[in-house]
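Enquirer: kindly return the folded structure for what I paste below:
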Amino acid sequence: MKNNRDDTLLNKIDDVSFRALFDQYWKRLVAFCQYHTNDDEVAMDIVQDIFCSIWKRKDSLRIETNMEHYLFRAARMKITDHYREKFKKENHNRCISENFCESINNTEETILHKDLDHYVDGLVNRLPCRCKQVYTLSRNSGLSIPEIAKQLVLSEKTVEAHLTKALRFLKTYLIQQPNEK
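Expert: The predicted structure follows:
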């Protein structure tokens, strides 16, 4: 008898036959979808989408199989679509999150680098005049010890001594803890 009732629903869907179809399968479809999605709202949305689709296509819909088989196959396809969309969203959110974190890390590193440069510049300004000149020519201008000696009219040993003194001074202050600055 069930198949006969289903067969009449297959050929013509009107208000009465649609209501009978809905009453007969709604709870079973929702339970099926709840089992596979572990989410009551998603399950009800899926079943509602199935019945809405049937109603919208009622004039042109031709089902060549058993109605129960048709409805549960439609539910399986909707569940698959649900998980596909869920995976896409999670993957998209993960990518956004990774790019955001990378962007934050780059910004943080840039700020820390600028802070360190500012701090080193402050330390260099505390060096004695000749030490400061030698260090600046060596590190900022990229000159070698002989070139600095020639430019400042100093011996290479004196330039080495000034550079060693400057580097030792900077190392001492850079190794200290930040709250000791």
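Enquirer: element containing the most centrally placed residue in the chain, please.
Expert: Residue closest to the average C-alpha location in the chain (C-alpha atoms, centre = their mean): Ser97, at 2.2 Å. Element membership for Ser97 (DSSP states H and E) is helix 67-125.
Enquirer: name the next helix or strand downstream of that helix, please.
Expert: Following helix 67-125 in sequence, per DSSP H and E, is helix 129-139.
Enquirer: give me the contacts around that next one.
Expert: Contacts to helix 129-139, defined as C-beta atoms under 8 Å, 6 or more residues apart in numbering, come from residues 124-125, 127, 143, 145, 147-148, 151-152, 154, 159, 162-163, 165-167, 169-170. (Glycine included, C-beta is placed from N, CA and C.)
Enquirer: mark which of these are buried, thanks.
Expert: Buried subset of the contacts of helix 129-139 (neighbour count, 16 or more other C-beta atoms under 10 Å): 124, 127, 143, 145, 148, 152, 154, 159, 162-163, 165-166, 169-170.
Enquirer: helices or strands up against the helix holding Ser97?
Expert: Judged by 3 or more C-beta pairs under 8 Å, 6 or more residues apart in numbering; DSSP states H and E, helix 67-125 is in contact with helix 2-11, helix 15-37, helix 40-56, helix 129-139, helix 156-175.
Enquirer: so, low pLDDT: which residues of the chain?
Expert: 1-12, 98-105, 177-181 (pLDDT under 70).
Enquirer: and Met17, how far from Ile54?
Expert: Just to correct that, residue 17 is Ser rather than Met. Ser17 sits 11 Å away from Ile54, going by C-beta to C-beta, to the nearest Å.
Enquirer: so between these two, which is more surrounded?
Expert: Counted by other C-beta atoms under 10 Å, Ser17 and Ile54 do not tie: Ile54 has more neighbours, with 20 against 17.
Enquirer: in stretch 42-51, what's buried?
Expert: For stretch 42-51, by 16+ other C-beta under 10 Å, it's 42-43, 46-47, 50-51.
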